[in-house]
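Trainee: Here is a sequence with its predicted model. Questions after.
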Amino acid sequence: MNRWLIDARELRRHSKETTAYGSRLLNMQERQLGRSADTDSTISHLRELSVFPSLGREWPEILSIIEESIVPCVRFEKAGRRGGLWEVEASLPAVLSEAIVNGMAAVGLQWASCPVLTELEVAVMDTLAAALDLHDKFLHSSGMGGGLIQNTAADALLAVVAAARVRKRVQACLGMNNPMHGRVEEVPVGPDLSISVDELEAMIVEDKSRAKVPVLCVAAFGAENTEGHDNIAALGRICEREGIWFHVDASYGGGTLFLEGHQEDHMQINRYADSINMSGSCWLPTGLDMEFLWVKEKQWMTAAFAATGDYLPKAMDSISAPTLSKWSVPLGRQFRSLRLWCVLQYYGLQGLTERIEAKVATAGSRSAAPDERFQGDDQGFEANANLTIEFIARYFKSLEKGPVRDLELQAGSCAACLMENGILPAKGRSWEAILEDIQRLVTPGMCNWQHPRFLAFFPAKTSTPAILSEAIMAALGGISADPASHNAIEDRMEAIVMDALGKALGLGEEFLHTSGMGGGIIQNTASDALVAVVAAARTAMHSK
């Protein structure tokens, strides 16, 4: 086998203990809600073991360290309650598809870099928009707007802020609900935690008197931390009158739009909103990094984010094959649409609707009934996990025999096959059937970044531990977003790993967390890292 390819035999050899552990992990979370471990002692133990050893460890030893030292410190956000700020639901299709996504390790820079990656994201976002009864302008098929998958609500808001500012091209003044997550100018709220319309009117008048032009207003449709709702119609009328971009943050409340009886909400959002986002992690069992953003006018997204460097091949956009990297900060995109597609296929519209109805019914108690298709079925999970690992192993074994990409593919052909099969079926399907469709409908549209003859763009290699550990992380569903959780294992581990890498790269002490001055952080892409540095540099300059 080519030395650059993953050894399928190694992957198969280590899959059994990993899938068995993943099954135990998924079923122990409900029993360990109250369990806590000493993060300090865990970090000390990991340092003693050496974060970056001279010689590599075998996967079973790494798995043992994860199980015995790391997992007991993780706050289980996936479990059926909301003890923290966010609910994060994982599921069998989310966990197993994540292994496939990391195995293929494709990057969506533009359509040619992985045709099916782009076309599937367009298809699933249009399908979800239709299921939510959003205006046709929010769909890619309209030729005007469309949707894309973001990492978090903050990423979605950042994209909208940039687009709104470009539309006005003036000194920006932004307004949003006071308790909402984000750093823009806050509008005071009333006792019901909704924006005070009078306060917003007064702020607009004041801004105009100071030669500032308001460009964006963000309304909450079920804020994640307060569950408050703003008056969409009242705020929308103000924004329409003033020419202000009106964004609806439906991170937490958006899932209710799947249900009947929300015609008034649909009408107001479709009438006034220029953009809307909702959290897939809260309402759909997709796991983390699954925020949905729709806009009515894509031209402002591309005006804000389009990269025009000579290092990128020129690409013509079309309705079915837009360059989604022009819509937000990251230049490269993961194949997260495959994970979302797998979840939609596995549960179907009926299954997802029933889950959302159950969540709404138990909103006060914050304890939903466990999903029988996901919890308490060790043998079922292990069997499906083994099928998944076998699928990945076969994929790697077949790479050398096939082309890097089918050069005869035409834009829209992948989506046509997927749409014909149905993106969101009425009823859920078995995982085995979904795997067969991935082989039949998805892999022919891949650009195989792991192919030994792949020489385009840049290397994006994966490995057996990367594939297996990502599946474990998807099962954990841990999230480190609570400012009170300053000792979270997720943050502490990231700090010691980045310090170890910094030392290995020969960086100065000031770049390490141990210095108390600087430190390292893992970013999604180089674009995200650059945006963070630009913001920090700007703040540093203003403070001088």
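Mentor: Yep, it's here. Residues are numbered from 1 along each chain as shown.

Trainee: And the strands in the stretch 51-200 of the chain?
Mentor: 146-150, 172-177, 186-187 (DSSP state E, counting those that start in this stretch).

Trainee: Lowest mean pLDDT across these, which one is that?
Mentor: Set side by side, the strands of the stretch 51-200 of the chain differ in mean pLDDT, and strand 172-177 is lowest with a mean of 57.

Trainee: which element follows the longest helix seen in the chain toward the C-terminus?
Mentor: Ranked by number of residues, the top helix in the chain under DSSP state H is helix 336-361. Heading C-terminal from helix 336-361, the first helix or strand you meet, by DSSP states H and E, is helix 378-399.

Trainee: Which strands and helices lie in contact with that following helix?
Mentor: Judged by 3 or more CB pairs under 8 Å, 6 or more residues apart in numbering; DSSP states H and E, the packing partners of helix 378-399 are helix 8-28, helix 92-104, helix 431-437. (C-beta placed from N, C-alpha, C; glycine too.)

Trainee: Can you add distance to residue 476, mean pLDDT and mean neighbour count and give the ones you listed back as JSON lines?
Mentor: Compiled in JSON lines, those are given as follows (distance: least, CB to CB, whole Å; pLDDT from 0 to 100; neighbours: other CB atoms under 10 Å):
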{"stretch": "helix 8-28", "distance to residue 476": "7", "mean pLDDT": "81", "mean neighbour count": "18"}
{"stretch": "helix 92-104", "distance to residue 476": "10", "mean pLDDT": "92", "mean neighbour count": "27"}
{"stretch": "helix 431-437", "distance to residue 476": "20", "mean pLDDT": "97", "mean neighbour count": "17"}
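
Trainee: What distance separates the opening and closing residues of stretch 509-529?
Mentor: 20 Å (CA to CA, to the nearest Å).

Trainee: Can you give me the buried ones in that stretch?
Mentor: Buried residues in stretch 509-529, counting neighbours by 16 or more other CB atoms under 10 Å, are found at 511-513, 519-520, 525, 527-528.

Trainee: For stretch 504-511, what does the pLDDT average out to?
Mentor: 96.

Trainee: gap between the longest helix of the chain and the chain center?
Mentor: Centroid separation for helix 336-361 versus its chain: 16 Å, with CA atoms, centre = their mean, to the nearest Å.

Trainee: Would you mark the buried spots in it?
Mentor: Buried-residue list, helix 336-361, by 16+ other CB under 10 Å: 336-349, 351-353, 355-356, 359.

Trainee: for it, packing partners?
Mentor: helix 92-104, helix 115-131, strand 146-150, helix 280-283, helix 431-437.

Trainee: looking at the ones you listed, which is closest to residue 475?
Mentor: helix 92-104 (4.9 Å; CB to CB).

Trainee: quick one: that closest one to helix 115-131, angle?
Mentor: Per axes from the mean of the first three to the mean of the last three CA atoms, to 10 degrees, the angle that helix 92-104 makes with helix 115-131 is 150 degrees.

Trainee: Tell me where the model's unsure across this structure.
Mentor: Scanning the chain for pLDDT under 70 picks out the ranges 1-5, 26-37, 75-88, 170-193, 223-227, 307-316, 363-379, 477-487.

Trainee: for the closest residue to residue 328 other than its chain neighbours, what are its contacts?
Mentor: Spatial nearest neighbour of residue 328, chain neighbours left out: residue 159 (4.5 Å); criterion: CB to CB, 6 or more residues apart in numbering. Contact analysis of residue 159 by CB atoms under 8 Å, 6 or more residues apart in numbering lists 150, 293, 301, 304-305, 327-329.

Trainee: Do you have the strands of the stretch 201-350 of the chain handy? List them.
Mentor: Under DSSP E, counting those that start in this stretch, the stretch 201-350 of the chain gives strands at 213-220, 245-249, 275-279, 291-295.

Trainee: Check the ones you listed for me and report the most buried one.
Mentor: Mean neighbour count (mean count of other CB atoms under 10 Å) peaks for strand 275-279 among those, with a mean of 28.

Trainee: what residues does it touch?
Mentor: 86, 132, 134, 138, 150, 153, 156-157, 160, 163, 221, 224, 245-255, 257, 269, 290-296.

Trainee: what are the pairing partners of that strand, and which direction each?
Mentor: strand 245-249 (parallel), strand 291-295 (antiparallel) (DSSP bridges).

Trainee: now the first one, how far from the centre of its chain.
Mentor: Taking CA atoms, centre = their mean, one finds strand 245-249 lying 20 Å from the centre of the chain it belongs to.

Trainee: between that strand and strand 213-220, what angle do the directions make?
Mentor: Using the same axes, to 10 degrees: strand 245-249 against strand 213-220 is 20 degrees.

Trainee: those helices in the stretch 151-300 of the chain, which residues are they?
Mentor: 153-168, 197-209, 232-242, 263-272, 280-283, 298-305 (DSSP state H, counting those that start in this stretch).

Trainee: Is it possible to get CSV of those that adds distance to residue 44?
Mentor: Shown next, in CSV, are the helices of the stretch 151-300 of the chain (distance: least, CB to CB, whole Å):
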stretch, distance to residue 44
helix 153-168, 32
helix 197-209, 50
helix 232-242, 51
helix 263-272, 51
helix 280-283, 32
helix 298-305, 43
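
Trainee: Quick check: which of those helices has the most neighbours on average?
Mentor: Of all these, helix 280-283 carries the top mean neighbour count, a mean of 26, counting by mean count of other CB under 10 Å.

Trainee: Can you name every helix or strand that that one contacts?
Mentor: strand 291-295, helix 336-361.

Trainee: Same list (these) but as JSON lines, adding distance to residue 542.
Mentor: Shown next, in JSON lines, are the helices and strands packed on helix 280-283 (distance: least, CB to CB, whole Å):
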{"stretch": "strand 291-295", "distance to residue 542": "29"}
{"stretch": "helix 336-361", "distance to residue 542": "35"}
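
Trainee: With respect to residue 52, which of those lies nearest?
Mentor: Across these, closest to residue 52 is helix 336-361 (CB to CB), at 28.8 Å.

Trainee: follow-up on the earlier one: closest to residue 383 out of the helices of the stretch 151-300 of the chain?
Mentor: In terms of CB to CB, the element of the helices of the stretch 151-300 of the chain nearest to residue 383 is helix 280-283, at 26.3 Å.

Trainee: Kindly format the C-alpha coordinates of the closest one as PDB.
Mentor: The C-alpha coordinates for helix 280-283 follow below in PDB (Å, rounded to 0.1, in the frame of the first residue of the first chain):
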ATOM      1  CA  GLY A 280     -28.700  22.600  14.600                       C
ATOM      2  CA  SER A 281     -26.800  21.500  17.800                       C
ATOM      3  CA  CYS A 282     -29.800  22.600  19.900                       C
ATOM      4  CA  TRP A 283     -32.700  21.200  17.900                       C
END
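
Trainee: next one: that helix to chain centre, how far?
Mentor: Relative to the chain's own centre, helix 280-283 is displaced by 10 Å; criterion: CA atoms, centre = their mean.

Trainee: Stretch 148-167 now?
Mentor: 13 Å.

Trainee: same thing with stretch 47-54?
Mentor: That offset, for stretch 47-54, works out to 31 Å (CA atoms, centre = their mean).

Trainee: got the end-to-end distance for it?
Mentor: Length of stretch 47-54, first residue to last, CA to CA: 14 Å.

Trainee: Identify the residues contacting that stretch?
Mentor: Against stretch 47-54 from outside (CB under 8 Å, 6+ apart): 65, 496-497, 499-501, 503-504.

Trainee: Over to stretch 121-133?
Mentor: Under the contact criterion CB under 8 Å, 6+ apart, stretch 121-133 has outside partners 108, 138-141, 146-149, 254, 257-258, 266, 270, 278, 292, 294, 319-322, 324, 333, 336-337, 340-341, 344, 349, 415, 418-419, 423-424.
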